[in-house]
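# Structure, please.
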Amino acid sequence: MAWSILHNGPGMKSINKELFMIMCGQKPDLTTFDLNNFLENDLAEKLAKVVRCSTTEELTELKNSLGDWICDCGVPNIFTAFMSDLPTIYWQLVTHFIYHRVASIIQQFTSGLNSCGRLWEVVLNNWKAFLPLFTNTRGALTRNEVRDLFDIVWSSTGSNRRDLEEETIFLWECWLMSIQDSVPPLGFQQKCKVEFYDQEEPTRRIPYASTCALTLYLPRGVSEEEDFKELMFLAINGSLGFGKKAMEHSQRTKRRKIAAKVAEHFRLVSQQNEFEEQHFNLESTYNEPLEDSAYHDCVEDVTENVENEYPTDVFYDALDNDIFYDGFENGMADNTSDFDLDSECSDSEHAASDTR
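Alright, predicted model coming up:
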């Protein structure tokens with residue numbers, strides 16, 4: 001890091017601003033500190049409770065419920081504190097968790113910088129000048145700043161495609177005014193590009209991006225602002241990178257995973273001409289037919305922890321329970337109540353599954 005800075009490198013630009021000021025011996029205002037910076041939900045809730053304390057009764061309750069915890073954080077005067085002491089106590093708590101708790105790591109970092117020309121001592125004496133090198137000082141992007149990040153790959157001037165592309169870019173700039181974002185702390189390695197594609201009736205392709213090539217692909221000829229907004233938000237919200245955890249915990253996704261693995265297994269079996277050797281039945285380990293309730297219990301047992309298992313484990317658990325017998329015998333046509341992809345999965349999920 002020190003060599004990078006000394007040779008006109010970009011710096012790290014990722015240290016929290018308040019933490020950097022404390023590292024430099026300053027005393028920042030922590031009343032506006034964003035508690036979302038803490039990954040521990042329990043910690044953020046406890047600190048928020050200190051912030052919300054506004055009456056003597058609430059202070060007494062705070063001492064009773066969190067007094068020992070606050071004392072363990074290096075603030076022993078909590079039990080004799082008054083309302084006027086709460087801002088100082090809150091400052092000490094936040095400082096404890098962002099600085100003192102990781103002081104040994106910070107000391108290694110600053111010692112490393114000092115090993116290269118006593119750089120950290122220079123930073124201490126000129127901390128304001130080094131703020132842009134160690135912290136992310138970028139604000140929210142404006143429409144013009146976003147537009148300047150991109151080179152637009154236009155079609156030939158005067159062509160019909162160029163007219164359609166200009167309509168799309170106009171709506172894209174309108175959409176930019178309704179959102180807020182920021183550039184990554186280290187920026188981009190190259191300028192981003194906007195390219196276009198044609199919609200093919202009767203399908204409707206949503207916008208997409210290449211994160212490797214830093215290219216955004218937009219549809220030509222979208223003439224209505226609401227249609228463009230719908231496409232953009234559908235593309236963002238439908239991406240596997242957004243809301244993936246919630247999807248993983250849905251029963252619909254669990255069923256789709258198992259059904260997709262079953263279909264893949266059948267394809268391989270068919271290729272190897274071994275279909276007739278597969279014996280699937282609905283008999284229990286005691287060779288007794290499963291009742292309907294027992295059948296659904298098997299399904300629930302298989303899908304209960306599917307998000308924590310490897311896909312192959314999920315599939316073979318299903319086979320061990322023999323819960324797909326009817327679907328195999330009838331070409332997956334007559335037993336779709338629990339694995340009906342068309343009724344329970346959206347088109348975008350089908351597309352994502354086909355892609356995988």
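
# going forward, measure contacts and count neighbours with C-alpha atoms only.
Fine.

# and Glu195, what helix or strand is that in?
strand 192-197 (DSSP states H and E).

# Let me see the residues that make contact with that strand.
Here strand 192-197 makes contact (Cα atoms under 8 Å, 6 or more residues apart in numbering) with 149-154, 165, 213-220.

# do that again at 6 Å, thanks
Strand 192-197 has contacts (Cα atoms under 6 Å, 6 or more residues apart in numbering) with 149-153, 214-220.

# same thing with stretch 113-124?
Counting by Cα under 6 Å, 6+ apart, 2, 24, 110 sit against stretch 113-124.

# what's the burial count for Arg101?
Using other Cα atoms under 10 Å as the criterion, Arg101 is surrounded by 12 other residues.

# Now do it against Cys73, distance only.
According to Cα to Cα, to the nearest Å, Arg101 and Cys73 sit 9 Å apart.

# Which residue ranges of the stretch 51-200 of the chain form strands?
150-152, 192-197 (DSSP state E, counting those that start in this stretch).

# Using TSV, lay out the ones you listed together with distance to Leu66.
Converted to TSV, those look like this (distance: least, Cα to Cα, whole Å):
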stretch	distance to Leu66
strand 150-152	51
strand 192-197	50
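
# can you put those strands in CSV and add mean pLDDT?
Listed next are those as CSV, based on pLDDT from 0 to 100:
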stretch, mean pLDDT
strand 150-152, 86
strand 192-197, 88
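
# so of the ones you listed, which one's packed in deepest?
Across the strands of the stretch 51-200 of the chain, the average number of neighbours (mean count of other Cα atoms under 10 Å) peaks for strand 192-197, which reaches a mean of 18.

# which element follows that one toward the C-terminus?
strand 208-210.

# In terms of secondary structure, what does the following helix or strand past that next one contact?
Counting by DSSP H and E, the next helix or strand C-terminal to strand 208-210 is strand 215-219. Applying 3 or more Cα pairs under 6 Å, 6 or more residues apart in numbering; DSSP states H and E, one finds that strand 215-219 contacts strand 192-197, strand 208-210.

# re the thing from before, generate a ChimeraX selection restricted to the buried subset of the contacts of strand 192-197.
To isolate the buried subset of the contacts of strand 192-197 in ChimeraX, counting by 16 or more other Cα atoms under 10 Å, use the following:
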select :149,150,152,215,216,218,219,220
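
# Tell me the one of the contacts of strand 192-197 nearest Leu268?
Tyr217 (35.5 Å; Cα to Cα).

# What separation is there between that closest one and Glu166?
14 Å.

# residue ranges for the helices of the stretch 101-250 of the chain, please.
For the stretch 101-250 of the chain, the helices defined by DSSP state H, counting those that start in this stretch occupy 103-114, 119-125, 127-134, 143-148, 160-176, 225-237, 244-248.

# Angles on the backbone of Glu201, please.
phi -70, psi 150 (degrees, to the nearest 10).

# Can you give me the pLDDT of it?
Listed pLDDT for Glu201 reads 77.

# Would you enumerate the residues in contact with it?
With Cα under 6 Å, 6+ apart, Glu201 has no contacts at all.

# separation between it and Thr168?
18 Å.

# Which one of the helices and strands packed on strand 215-219 lies nearest to Lys229?
Among the helices and strands packed on strand 215-219, strand 208-210 comes nearest to Lys229, with 13.7 Å by Cα to Cα.

# before we move on, back to that, tell me which of the strands of the stretch 51-200 of the chain sits nearest to Asp42.
The nearest among the strands of the stretch 51-200 of the chain, by Cα to Cα, is strand 192-197 at 39.7 Å.

# Could you quantify the relative orientation of the closest one and helix 160-176 as an angle?
130 degrees (axes from the mean of the first three to the mean of the last three Cα atoms, to 10 degrees).

# Pairing partners for strand 192-197, with directions?
strand 150-152 (parallel), strand 215-219 (parallel) (DSSP bridges).

# mind putting those in JSON lines, distance to Asn114 included?
As requested, the strands paired with strand 192-197 are exported to JSON lines (distance: least, Cα to Cα, whole Å):
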{"stretch": "strand 150-152", "distance to Asn114": "39"}
{"stretch": "strand 215-219", "distance to Asn114": "41"}
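
# can you tell which of those is closest to Tyr90?
strand 150-152 (43.6 Å).

# How many residues are close by Tyr160?
Tyr isn't right for residue 160; it's Asn. Quick note: Asn160 (other Cα under 10 Å) scores 11 neighbours.

# So it versus Glu167, what's the distance?
11 Å.

# With Cys212 instead?
Distance, Cys212 to Glu167, using Cα to Cα: 27 Å.

# Okay then, goodbye and thanks.
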